[in-house]
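# Here you go, sequence then predicted model.
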Amino acid sequence: MRTIPSPVRVAIVGAGHVGSTFGYALLLRGLANEIVLIDPVSPDRAEGEAMDVSNASPFAQPTRIWAGTIADCAGAAVTVITAGVAQKPGESRADLARTNAAIVRQFAADVARHNPDGVLLVVTNPVDAMTSVALEASGLAWGQVIGAGTVLDTARLRELLGEHLAVDPRSVHAYVIGEHGDGAVPVWSQATVGGSDLAAVCVGRGVAHGADAFVEIERRMRDAAGSIIERIGSTQFGVASALVRIVEAIIRGEGTVLSVSTPARGAYQLPDVCVSLPTIVGRSGAESVLHLPLEPDELRALRRSAATIQETVASVAEADGAAPTAAR
Ligand code: NAD
């Protein structure tokens, strides 16, 4: 089993809203001895954010926090890529994907050169396609490159179900799979609360269940990012917490099941691109993908979701002049 180098270093590429908030949340959790923020496009921002987060360390844990260069990824247990641009008004998702693919491709190759043994965690959107791009560009092994995938969508679903039932969301076991964002697929058929069937718990708690109630919860889960961005311009706290959870599972070697993005490798006869599925996450990154007994409509939705990811991967590969290659 892979050992985590000591002192434990986490490198963050991209010191924007997500990168810097994640750095702060990571400090509070006390998981890393060293946190380096890297942002070649906005080095001043990386420096300012690193100084600000570092000021919190006397209230949290002794942690070395600095603004560095890509060479500082060397020896990091996990490198998290959050660099990228946001969608501009009128810009298509395909154009956004092409711009971010060029950024992710370059950083993934650079990170792998400096740190061939660490785990690479991709956050830049569209995250499932960007994870495929990073895997290809880095040449790293299956499992070593993972995407934040639908970990945040899953948290949102659990939060909403917890609120609906007046139950602790940590006792709600429900996964969102497929593509992070518009094409995300909530797996209603396998949702349980403390091991009990979701509909039965709804009846027991005297709350609505069945198609209408779940359609509304699904709509709120899907609209969550848009609703936040409309009000404050970006999302950061939820995603930063999701990233801390993923990085914690890796550094502590927990074997936690999280819906990260990894190559489908034939699961559900999906195209061989990165797609989010419940996956055991430990020291090496993704260790194995679990198979859910999906209902036919869930399987169809998952295949549609994976086809969208495949189209995006193909379009960014064509723009790059390369033939789309199968994900490892
Ligand atoms: P932001 O604009 O605040 O920060 C992006 C950072 O990337 C900036 O500091 C910028 O300087 C940096 N960067 C580094 N190299 C760059 C380059 N070559 N070109 C452009 N920028 C470069 O954005 P953010 O809100 O932090 O979001 C970062 C990414 O994370 C976006 O792609 C966003 O969509 C994504 N995101 C993903 C999830 C998820 O669950 N996967 C959730 C939220 C946001």
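In hand now; what should we look at? Remember, it's a predicted structure, so these values are computed and weren't measured experimentally. Residues are numbered from 1 along each chain as shown.
# Run the chain-centre distance for stretch 207-227.
21 Å (CA atoms, centre = their mean, to the nearest Å).
# Which residues belonging to that stretch are considered buried?
H209, F214, I217, E218, R220, M221, R222, A224, A225 (16 or more other CB atoms under 10 Å). The way it works is simple: take the backbone N, C-alpha and C, and place the C-beta from them, glycine included.
# among those residues, which are within reach of the ligand?
With CB under 6 Å from any ligand atom as the criterion, the buried residues of stretch 207-227 include none near the ligand.
# For the helix or strand harbouring R304, which outside residues touch it?
Using DSSP states H and E, R304 sits within helix 296-319. With CB atoms under 8 Å, 6 or more residues apart in numbering as the test, helix 296-319 has contacts from 93-94, 97-98, 101, 126, 128-129, 132-133, 177-179, 183-185, 187-189, 264, 268-271, 273-275, 294, 323-325, 327.
# Quick check: closest non-adjacent residue to the residue of the chain found nearest the ligand.
Going by CB to the nearest ligand atom, the ligand is nearest to G16 of the chain, at 1.7 Å. Nearest residue to G16 in three dimensions, chain neighbours excluded: T82, at 6.6 Å (CB to CB, 6 or more residues apart in numbering).
# Settle this for me: that neighbour is touching A11, isn't it.
No. Assessed by CB atoms under 8 Å, T82 is found out of contact with A11, at 10.9 Å.
# List the contacts of L294.
Per CB under 8 Å, 6+ apart, neighbours of L294: V187, S189, Q190, Y268, L302.
# Generate a PyMOL selection restricted to the buried subset of those.
Entered in PyMOL, the line below selects the buried ones among these, by 16+ other CB under 10 Å:
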select buried, resi 187+190+268+302
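# now check stretch 95-107, is it near the ligand?
Yes. Stretch 95-107 is in contact with the ligand by CB under 6 Å from any ligand atom, via N100, I103.
# Would you pull up how far the host helix or strand of R231 lies from the middle of the chain?
R231 belongs to helix 211-232 when assigned by DSSP H and E. Centre-to-centre, helix 211-232 and its host chain are 18 Å apart (CA atoms, centre = their mean).
# what packs against that helix?
Using 3 or more CB pairs under 8 Å, 6 or more residues apart in numbering; DSSP states H and E, the elements in contact with helix 211-232 are helix 151-165, strand 184-186.
# can you pull out the helices in the stretch 51-200 of the chain?
Using DSSP state H, counting those that start in this stretch, the helices of the stretch 51-200 of the chain run over 93-114, 127-138, 151-165, 198-205.
# Tell me which other helices or strands the first one touches.
Applying 3+ CB pairs under 8 Å, 6+ apart, we find helix 93-114 packed against strand 9-13, strand 78-81, strand 119-122, helix 127-138, helix 296-319.
# Run a quick neighbour tally on I250.
I250 is flanked by 25 other residues according to other CB atoms under 10 Å.
# who touches it in this structure?
I4, A77, V78, V119, L121, V281, G282, R283, G285.
# show me what contacts A67?
With CB under 8 Å, 6+ apart, A67 has these contacts: A15, V36, L37, I38, D39, P43, A46, E47, E49, A50.
# residues of stretch 249-268 that come out buried?
Neighbour-count burial for stretch 249-268, with 16+ other CB under 10 Å as criterion, is recorded at 249-251, 253, 256-264, 267-268.
# Restricting to C-alpha, output that stretch in PDB.
The C-alpha coordinates for stretch 249-268 follow below in PDB (Å, rounded to 0.1, in the frame of the first residue of the first chain):
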ATOM      1  CA  ALA A 249      -9.900   9.900   2.800                       C
ATOM      2  CA  ILE A 250      -6.700   9.800   0.800                       C
ATOM      3  CA  ILE A 251      -4.300  11.000   3.500                       C
ATOM      4  CA  ARG A 252      -5.800   8.900   6.300                       C
ATOM      5  CA  GLY A 253      -6.200   5.900   4.000                       C
ATOM      6  CA  GLU A 254      -9.800   5.600   5.000                       C
ATOM      7  CA  GLY A 255     -11.400   3.600   2.200                       C
ATOM      8  CA  THR A 256     -14.400   5.900   2.200                       C
ATOM      9  CA  VAL A 257     -17.000   5.500  -0.400                       C
ATOM     10  CA  LEU A 258     -17.300   8.800  -2.400                       C
ATOM     11  CA  SER A 259     -18.800   9.600  -5.800                       C
ATOM     12  CA  VAL A 260     -15.500  10.800  -7.300                       C
ATOM     13  CA  SER A 261     -14.900  10.700 -11.100                       C
ATOM     14  CA  THR A 262     -12.700   7.900 -12.500                       C
ATOM     15  CA  PRO A 263     -12.600   6.000 -15.900                       C
ATOM     16  CA  ALA A 264     -15.700   3.800 -16.200                       C
ATOM     17  CA  ARG A 265     -13.600   0.900 -17.500                       C
ATOM     18  CA  GLY A 266     -16.600  -1.000 -18.900                       C
ATOM     19  CA  ALA A 267     -18.900  -0.500 -15.800                       C
ATOM     20  CA  TYR A 268     -22.600  -0.400 -17.000                       C
END
